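> Everything below, folded, please.
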Amino acid sequence: MARKIVLTSGKGGVGKTTVCAGLGARLAAMGFRVLLIDVDLGLNNLDVVMGVENKIVFDIVDVIQGRCRPKQALIQDEFFSSLYVMPSAHSFSKSCVTGENIKNVVGMMDSSFDYILIDCPAGVESGFHRAVFSANEALIVVTPHISSIRDADKVLGILSSYNLESKGLIINRIRGDMVLSGDMIEPSEIVSFLKIPLVGVVPEDDLVSKATGIMDFAKSPSAGRALSLIAENIHTGSKKIFDFTMKYRGLWGAIKTSLKRKL
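Coordinates of the predicted model:
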């Protein structure tokens, strides 16, 4: 039976889909069977982040409407044989898809995977509820910005009405130099405000922003390591947090920070 985890944010643009893809890859690298399901109808881009947009034959709506079997809509990752993507539809009437429809699809995949990660649409409208309805656990992705944190707080309020086994926090796109200088909110402050366990932090990295496929994440040692720790925390319950300030501490760190400010 798979662990079914929805990744949500409230606010768009926080890197939720990128975190979903990277986390899926890390779990697959650990030897688990992982399925990523995109339930963002119309505005989906998990297929693009995973680099499989040209391989789509069927999508989740085709499964729901009986045009194909669930496994026919799965796209196997080129690099991790135990990682699969079920894409969403680019153009379709959202009102025709219900939370029960999505839950049925997830249920059909349950016995074939260890983890099912559900990429949730931004916001708290019907798409959000369709995604959360199918999950047993939730990961809230935020960036260290007031607007993102405030929206995450609203999401947590709504999630309290669902019977979820656990809720965890992932802080994405954090900059160690700005945290050390006091120009960015510290993770401890975010955790204190939202009052949910911190599962991990992912540092800001231009290499991730430029990624065009899942293997591009490997070009970023810091983000890759951060996601590996998050995957380990999720599976084992450990609390290992990536040290995102390490390279900015000490003499060499001070020099790099100074040069970065001048640029």
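
> C-alpha only now, for contacts and for neighbours.
Will do.

> List the residue ranges of the stretch 101-250 of the chain that fall below the pLDDT cut-off.
Residues of the stretch 101-250 of the chain meeting the criterion pLDDT under 70: 207-219, 250.

> what residues are up against the closest residue to residue 16 other than its chain neighbours?
The shortest distance from residue 16 to any non-neighbouring residue, by CA to CA, 6 or more residues apart in numbering, is to residue 141 (5.9 Å). Applying CA atoms under 8 Å, 6 or more residues apart in numbering, we find residue 141 in contact with 7, 8, 9, 14, 15, 16, 152, 169, 170, 171, 172.

> Show me which strand runs longest in this structure.
strand 166-174 (DSSP state E).

> The helix or strand following it: which residues count as buried?
Next in sequence after strand 166-174, counting helices and strands by DSSP states H and E, comes helix 176-181. Of the residues in helix 176-181, 176, 177, 179 count as buried by neighbour count, 16 or more other CA atoms under 10 Å.

> Can you lay out these as a markdown table showing distance to residue 198?
Output for the buried residues of helix 176-181, formatted as a markdown table (distance: CA to CA, whole Å):
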| residue | distance to residue 198 |
| --- | --- |
| 176 | 17 |
| 177 | 20 |
| 179 | 17 |
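
> For stretch 53-73, C-alpha coordinates in PDB please.
In PDB, the C-alpha atoms belonging to stretch 53-73 read as follows (Å, rounded to 0.1, in the frame of the first residue of the first chain):
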ATOM      1  CA  GLU A  53       6.200  16.400 -22.300                       C
ATOM      2  CA  ASN A  54       6.900  14.800 -25.700                       C
ATOM      3  CA  LYS A  55       6.200  11.300 -24.500                       C
ATOM      4  CA  ILE A  56       2.500  11.800 -23.500                       C
ATOM      5  CA  VAL A  57       0.000   9.600 -25.200                       C
ATOM      6  CA  PHE A  58      -2.700   9.400 -22.500                       C
ATOM      7  CA  ASP A  59      -3.300  11.500 -19.400                       C
ATOM      8  CA  ILE A  60      -5.200  11.300 -16.100                       C
ATOM      9  CA  VAL A  61      -8.500  12.500 -17.700                       C
ATOM     10  CA  ASP A  62      -8.200   9.700 -20.300                       C
ATOM     11  CA  VAL A  63      -8.000   7.300 -17.300                       C
ATOM     12  CA  ILE A  64     -11.000   8.900 -15.600                       C
ATOM     13  CA  GLN A  65     -13.100   8.700 -18.800                       C
ATOM     14  CA  GLY A  66     -12.200   5.100 -19.500                       C
ATOM     15  CA  ARG A  67     -10.300   5.800 -22.700                       C
ATOM     16  CA  CYS A  68      -7.300   3.900 -21.400                       C
ATOM     17  CA  ARG A  69      -6.100   1.700 -18.500                       C
ATOM     18  CA  PRO A  70      -4.300   3.500 -15.700                       C
ATOM     19  CA  LYS A  71      -0.900   1.900 -16.600                       C
ATOM     20  CA  GLN A  72      -1.200   3.100 -20.200                       C
ATOM     21  CA  ALA A  73      -1.100   6.700 -18.900                       C
END
